[in-house]
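prediction below, plus the sequence it came from.
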Amino acid sequence: MTTPTSTLPPGPAAHPAPPLAGAPLSPVLRTRGLTKTYGSSGTGTRALDGIDLDVARAESLAIMGPSGCGKTTLLHVLAGILRPSTGEVLHEGTDLAALGDRRRTRLRRSAFGFVFQDGRLLPELTALENVILPRMLGGAARRTAAADARTWLDRLGLAGMHDRRPGQLSGGQAQRVAIARALAGRPQVVFADEPTGALDQATGRVVLEVLVESCRDSGASLVMVTHDPAVAATCARTVAMQDGRIVQVYQRGPAQGPATGGAR
């Protein structure tokens, strides 16, 4: 497969409005004293152990560490998929744990986007239908959802492939559909869990670059879980985890392109 270049044409307007000059930027997500324990209290496994973390608006953040360190649990708690055992996750000042299941579901559909390692596309739907379905479930009109989906699919190098089903796409193309699905609703935060883990190095490198650039250009924050330092290096900031704790923070400044290769 010939891989399209990662230079992206202009896309839809960013979700958040530009701040006024000199205005302070509050984090889009903030955690304080976050813990998560699986199993019985006192005898269970503590996956998160006192996490304090801010996610800035339009920031690219990598959460890195070995298997079992708690990084995927942290992503799921940040996204409101799991409730913490103690502590809080604030989105725009609202504690996610205080929301009922229905309100948290609406929040995930309207403010958050998701890219998973295996894409999680519905095999019976076309690329276009996979992108528009979450928008329509969130209440968007089909015409509006389809127009946004076509814009993102074309922008991500999938022009002419709107009617293909996932089984008719390469792994890299399928992940581009997943990225389009995550960004079509103009989310504030995109959560990506090992988004290149199922791809070969060359394809993973390009898909990763597309993901980072697309989030940056749309104004969305990117929170990406990875075990690969080369993947983490594409983000402006990396937090390294071990045994449920943040043990080190790396600040790089503006996000860079992939250095050596995607996660395998």
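Yes, it's here.

tell me the bridge partners for Phe112.
Val189 (DSSP bridges).

going along the chain from the helix of greatest length in the chain, find the next helix or strand for me.
Ordering each helix of the chain by length in residues (DSSP state H) puts helix 201-218 first. Later in the chain than helix 201-218, the nearest helix or strand by DSSP states H and E is strand 221-226.

helices or strands up against the helix or strand following that following strand?
Elements were assigned by DSSP H and E; along the chain past strand 221-226, the next helix or strand is helix 229-232. Identification of packing neighbours for helix 229-232 by 3 or more C-beta pairs under 8 Å, 6 or more residues apart in numbering; DSSP states H and E yields strand 60-64, strand 221-226. Bear in mind the C-beta positions are built from the backbone N, C-alpha and C, glycine included.

put together a markdown table for those strands, with mean neighbour count on each row.
A markdown table is the format used below for those (neighbours: other C-beta atoms under 10 Å):
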| stretch | mean neighbour count |
| --- | --- |
| strand 60-64 | 25 |
| strand 221-226 | 26 |
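
the ones you listed: which one's closest to Pro134?
Smallest distance to Pro134 across the helices and strands packed on helix 229-232 (C-beta to C-beta): 17.9 Å, for strand 221-226.

how close does the nearest residue to Arg120 once chain neighbours are set aside get to Leu99?
Closest residue in space to Arg120, ignoring its immediate chain neighbours: Ala178 at 7.1 Å, by C-beta to C-beta, 6 or more residues apart in numbering. Ala178 sits 26 Å away from Leu99 when distances are taken as C-beta to C-beta, to the nearest Å.

which of these two has more residues huddled nearby?
Shown here are Ala178 and Leu99; by other C-beta atoms under 10 Å, Ala178 has more neighbours (28 against 16).

how is the more buried one assigned, secondary-structure-wise?
Secondary structure assignment for Ala178 (DSSP: H, G, I helix; E, B strand; the rest coil): helix.

who's in contact with stretch 242-250?
Stretch 242-250 has contacts (C-beta atoms under 8 Å, 6 or more residues apart in numbering) with 35-36, 46-53, 65-66, 69-70, 232, 237-241.

how about stretch 170-184: buried residues?
Buried positions in stretch 170-184, judged by neighbour count with 16 or more other C-beta atoms under 10 Å: 171-184.
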